[in-house]
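Chemist: Fold the following and give me the result.
(one chain, ligands or ions: 1)
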Amino acid sequence: MAPALSTLSSKKKTVGSIALVLFFTLYRNKQAIAKFVQSTLQEPTPKSSTRSQKKAVRKKVGVNATFFRQMAKLLPICIPSAVSRETTLLAALAIVLIARTWLDIWFSAFNGQVVKAIVSRNREAFISKAIFEFGLMMWPMSIVNNCLKLTISALALCFRERLTKHAHNQYLDAITFYKIANLDNRLQNADQLLTQDIDKFSENLSHLYSDIAKPLVDIGLFAYKLGEAIGGEAPVFMIAYFVMSGIILRAFSPPFGKYTAIEQKLEGDFRFTHSRIIAHSEEIAFYGGGQREKEVVESSFRKISRHIRKVYTLRFVNGIFDSVLVKYCATMTAYYLLARPVFDPRYATEQMGMEASDPAKLMEDYSRNSSYLVNLSQAVGRLILTGRDLTRFAGYTSRVSELFDVMQDVGAGKYSRTMVTADTGEANQKETIDTTHLKGKVIIQDGVINFSRVPIVTPNKDVLLKELSFRVETGMNCLISGPNGCGKSSLFRILGDLWPLWGGTVTKPAASKLFYVPQKPYLALGSFRDQVIYPDTRDDALEKGFDDERLMELLNVVHLGYLVEREGGWSAVQDWAEVLSGGEKQRVAMARLFYHKPQFAILDECTSAVSIDVEAIMYQYAREAGITLFTVSHRTSLLRHHEYLLRFDGEGHYEFRELDPEDTAAAFGFGHGKSQSAGKVEQ
Ligand SMILES: Nc1ncnc2c1ncn2[C@@H]1O[C@H](COP(=O)(O)OP(=O)(O)OP(=O)(O)O)[C@@H](O)[C@H]1O
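Modeler: Numbering: from 1, shown residues only. The predicted model follows:
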């Protein structure tokens, strides 16, 4: 009796062990299968709220012929030659991927052997497997896994470096950045394209290779191994199940991708209402506009809550069907396929040639096969996921490619924009303007600025002045006046080659001999010295003979000598736009002008915040330094510093005449000049 009892108890323990291992193995499989299949069926989530994404949604970017054309343009930038860092990394990645698949197969078989050792209570086999063999193999597994991450990250960074360098070369070459922002209106946010989108494109591209190659190899190998273990139809059945359930769910699921994009847009709008409050806090506080802003912010937030509520209700209903089909039915299918050899011994012995009554062998096979099945499911899942991610990748590809196209066009003198009808304010069709065919001519000559029959035309093709002719030579300071929006700054944009020259002839010195001082001076990142010598570097300044002592002389001219000490020396780095007052900024800009000492300077209301006495000193200094000035100003105190007056009336007329020493404020009234009328230019 006793031996019988002992056999019974030993059998019970064996069954108990099998049940325990079975439970954990199935539980592990269920989670893994469900996680991967479910992830393949969810809509891709847009990562951030951007206008670009809205645009991408509108354009219906996809994996089509355009995508492949764009890739054909971008790939040579990312991988410039067959012998490069990138090709080396791609080769290394292929080796790592093969090693990883080999390790996965090894681990599946190894796991089965460990389970067998546990179930058969073979201590020696268990120790030699679980301790020694695993202890040895954990190093290559860990190294290969991390090599995979390292190679993909290194590849992404290489792609990003290539693309960013290429983009910077084009964007900051000449004044492409200005033209993209002001003339061409195809790109709404070049900053985001240059930073985030290039990064995302590089990251996605680096993953693409491994995301396609690895699952394909895995599907082949694990399907083969699974077929060997439990029959050829099992992997086919499992793959077919995933694909079918994917198709069914995709057909009936609400468009969650679109909802997420809407949510991101609403979140973006909400964030924008807050960032405006931060940016204009002083003005809002002075106006006492807190309550009004609260209404705006809360109305924006209400839209988000309404939308999110709708989405989570839909997710609840969808989630029920999702779980049943993807999680539980897939698990049931997996149970069936794995258990078939166990419960059908005839099938097992006939098909698999296994000893059906050996529980340890059963456990080993079960564990190994379920591991193959999990790996197969993961590979199918990853491949479906990659297929879907390709749509998002196509979005980034389209945006990065458009950035390069626009930079190339603008660099070649072509810009495209939606023209606006002046009277109605309506946006018309997009028009491409090729400035290389315009009739305007530029002659480079020292000591003179001569406009001969030059029309002043905005990028929108609105003619502010049909023809402008005037001549200013060295030493002839010229005052420019006229109402707001009449075209004073536009004249300088044409002079500085920012806007295209539609006709006539402009004679002027080389660009380095013209200097522009705007009303709100640009203060660069860097030290206080950098503000004065911008855009030169310290080495450039030293080469020109400007050490700190000479720079201090310039600062003293504009009465800013105290600033160096106040701000902690020439090398102090601050947010200069915040630290300096309006008048101080303008005086720094004047010191910058004196440092560069150009032949001609354009002063666009650049002393409006400077006291009249200091302004007079600065004008006197400019004359002594031999800088001829074009001044846009409404201050009558400046009349005595100028010899000529160029005045616009805002209705398409102008006059250019010598200023009388006796001229007073009356000089700013419109006299008799050449009459021109405004209109819209035809190309
Ligand atoms: N990038 C642009 N695209 C299209 N139109 C523009 C652009 N920049 C300016 N304009 C238009 O050109 C006209 C002249 O502008 P401009 O800046 O020359 O005026 P301004 O005489 O300098 O005025 P203010 O005294 O106010 O500075 C305005 O109607 C303006 O709307």
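Chemist: For the longest strand along the chain, the averaged confidence score.
Modeler: Longest strand in the chain, counting residues (DSSP state E): strand 462-473. Per-residue pLDDT values over strand 462-473 give a mean of 92.
Chemist: buried ones in that strand?
Modeler: Using 16 or more other CB atoms under 10 Å as the test for burial, strand 462-473 gives 462, 463, 464, 465, 466, 467, 468, 470, 472. (Each C-beta comes from the backbone N, C-alpha and C, glycine too.)
Chemist: State the next helix or strand along the chain beyond it.
Modeler: strand 478-481 (DSSP states H and E).
Chemist: tell me the pLDDT at residue 4?
Modeler: 40.
Chemist: quick one: which of the buried residues of strand 462-473 is nearest residue 487?
Modeler: residue 464 (3.7 Å; CB to CB).
Chemist: Can you tell me how far the closest one is from the ligand?
Modeler: Separation of residue 464 from the ligand (CB to the nearest ligand atom, to the nearest Å) stands at 6 Å.
Chemist: Skipping its backbone neighbours, what lies nearest that residue in space?
Modeler: Using CB to CB, 6 or more residues apart in numbering and skipping residues adjacent in sequence, the residue nearest residue 464 is residue 487, 3.7 Å away.
Chemist: hang on, the earlier thing: output the contacting helices and strands for the longest strand of the chain.
Modeler: Packed against strand 462-473 by the contact rule (3 or more CB pairs under 8 Å, 6 or more residues apart in numbering; DSSP states H and E) you find strand 448-457, strand 628-632, strand 644-648, strand 654-658, strand 679-680.
Chemist: what would these look like in TSV with distance to residue 565, mean neighbour count and mean pLDDT?
Modeler: Listed next are the helices and strands packed on strand 462-473 as TSV, based on distance: least, CB to CB, whole Å; neighbours: other CB atoms under 10 Å; pLDDT from 0 to 100:
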stretch	distance to residue 565	mean neighbour count	mean pLDDT
strand 448-457	39	20	94
strand 628-632	30	22	93
strand 644-648	40	22	91
strand 654-658	45	17	91
strand 679-680	55	14	51
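Chemist: how about these in JSON lines, adding distance to the ligand?
Modeler: As requested, the helices and strands packed on strand 462-473 are exported to JSON lines (distance: least, CB to the nearest ligand atom, whole Å):
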{"stretch": "strand 448-457", "distance to the ligand": "8"}
{"stretch": "strand 628-632", "distance to the ligand": "7"}
{"stretch": "strand 644-648", "distance to the ligand": "7"}
{"stretch": "strand 654-658", "distance to the ligand": "11"}
{"stretch": "strand 679-680", "distance to the ligand": "12"}
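Chemist: With distance to residue 80 added, can I get those in a markdown table?
Modeler: Shown next, in a markdown table, are those (distance: least, CB to CB, whole Å):
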| stretch | distance to residue 80 |
| --- | --- |
| strand 448-457 | 41 |
| strand 628-632 | 46 |
| strand 644-648 | 51 |
| strand 654-658 | 52 |
| strand 679-680 | 45 |
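Chemist: Which residues of the chain lie near the ligand?
Modeler: Within the chain, the positions adjacent to the ligand are 182, 458-460, 464, 482, 484-490 by CB under 6 Å from any ligand atom.
Chemist: Weed out the non-buried ones from those.
Modeler: 458, 459, 460, 464, 482, 486, 487, 488, 489, 490.
Chemist: gap between the first one and residue 493?
Modeler: For residue 458, the distance to residue 493 equals 9 Å [CB to CB, to the nearest Å].
Chemist: Which part of the stretch 101-250 of the chain gets nearest to the ligand, residue-wise?
Modeler: residue 182 (4.2 Å; CB to the nearest ligand atom).
Chemist: Next, the contact list for that residue, please.
Modeler: 459, 498 (CB atoms under 8 Å, 6 or more residues apart in numbering).
Chemist: Equivalent analysis for the one 3 residues further on, please.
Modeler: The neighbourhood of residue 185, defined by CB under 8 Å, 6+ apart, consists of 416, 417, 418.
Chemist: isn't there a strand covering the second one?
Modeler: Yes. Counting by DSSP: H, G, I helix; E, B strand; the rest coil, residue 417 is located in a strand.
Chemist: Do I have it right that it meets residue 179?
Modeler: No. If you go by CB atoms under 8 Å, residue 417 and residue 179 don't touch, sitting 10.6 Å apart.
Chemist: In three-state terms, label residue 610 for me.
Modeler: Three-state call for residue 610 (three-state DSSP): coil.
Chemist: surely it meets residue 616?
Modeler: No. Applying CB under 8 Å, one finds residue 610 not in contact with residue 616, separated by 9.8 Å.
Chemist: Neighbour count: the two, which is higher?
Modeler: Under the criterion of other CB atoms under 10 Å, the comparison of residue 610 against residue 616 puts residue 610 first, with 22 against 16.
Chemist: phi, psi of that one?
Modeler: Main-chain torsions, residue 610, degrees, to the nearest 10: phi -100, psi 140.
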